[in-house]
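Undergrad: Structure for the following, please:
(one chain, ligands or ions: 1)
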Amino acid sequence: MTSTRELTGRNAAFAADGFVEGLRINPSGNVMVVGCVDPRVDPAHVLGLRHGEAAVIRNVGGRITPATLRTMTMLGKVGQAHPDGRAAGDWNLVLLHHTDCGMRDLAPFPDLLAEYFEIPAAELDAKQVSDPVGSVRVDVDVVLGTLTGSAFLVSGLVYDVSTGLVETVVAPTPLRDMQLRQVSRR
Ligand SMILES: [Zn+2]
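TA: Take a look at the predicted model:
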């Protein structure tokens, strides 16, 4: 176990050497990443994100679920509350799935997955939980069908945990307009 004492010690080193003063609540790079909680795929590591550059949402599989969309809606409101700190230009929304994802281990638990995606268990095949290339395509489509906005580009990447490399499965695709459709629970 890495102890809290160890972690706070590392924090002291960060505060002394890595901390950047004056960062804003809005991501300096206009980047939002949705990725998996897997410890091997931290976007800060594998995409080289700088301090304050990106907002990162992590969940099981890095999936676009109704909960993810609600979180994005909330973050949009936070951003609107801080108009002075917003960087100019388009937003880059990156969906980051990966090989050897634990989502595969959840395939025997369709009820859990159905609750997660808020769909009937009979429709789970469409979510491609055992194939990161398929799943990132599915989730880009969910975003494109839900968020609309010319100020967004959406891309789908798959990170290979055996090589450290990402593959661009869905190239950056623009949205049409900034309206976020109401996302409600079934
Ligand atoms: Zn994963």
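Undergrad: Rounded mean pLDDT for the helix or strand hosting Met74, please.
TA: For Met74, the enclosing helix or strand under DSSP states H and E is helix 66-80. If you average the pLDDT over helix 66-80, you get 92.
Undergrad: what comes up buried for that helix?
TA: Residues of helix 66-80 classed as buried: 66-69, 72, 75-76, 79 (neighbour count, 16 or more other CB atoms under 10 Å). C-betas here are computed from N, CA, C, even on glycine.
Undergrad: what's downstream of that helix, the next helix or strand?
TA: Note on helix 66-80: by DSSP H and E, the next helix or strand toward the C-terminus is strand 91-98.
Undergrad: Sheet partners, orientation included, of that next one?
TA: strand 31-36 (parallel), strand 152-159 (parallel) (DSSP bridges).
Undergrad: quick one: contacts for the most centrally placed residue in the chain?
TA: With distances taken as CA atoms, centre = their mean, the chain has Val34 as the residue nearest its mean C-alpha position (0.4 Å). Counting by CB atoms under 8 Å, 6 or more residues apart in numbering, Val34 makes contact with 56-59, 62-64, 68, 93-96, 139.
Undergrad: residues from the protein in reach of the ion?
TA: Counting by CB under 5 Å from the ion, the residues of the chain close to the ion are 36, 38, 101.
Undergrad: what do you get if the cut-off is 8 Å, keeping everything else the same?
TA: Proximity of the chain to the ion, by CB under 8 Å from the ion, involves residues 36-38, 41, 60-62, 97-98, 100-103.
Undergrad: out of these, which one sits closest to Tyr116?
TA: Proximity to Tyr116 was ranked across the residues of the chain next to the ion by CB to CB; first place goes to Val60, at 7.1 Å.
Undergrad: Tell me which other helices or strands the lowest-mean-pLDDT helix or strand in the chain touches.
TA: Across the helices and strands of the chain, the lowest-confidence element by mean pLDDT, DSSP states H and E is helix 66-80, at a mean of 92. Secondary structure elements in contact with helix 66-80, counted by 3 or more CB pairs under 8 Å, 6 or more residues apart in numbering; DSSP states H and E, are strand 31-36, strand 54-59.
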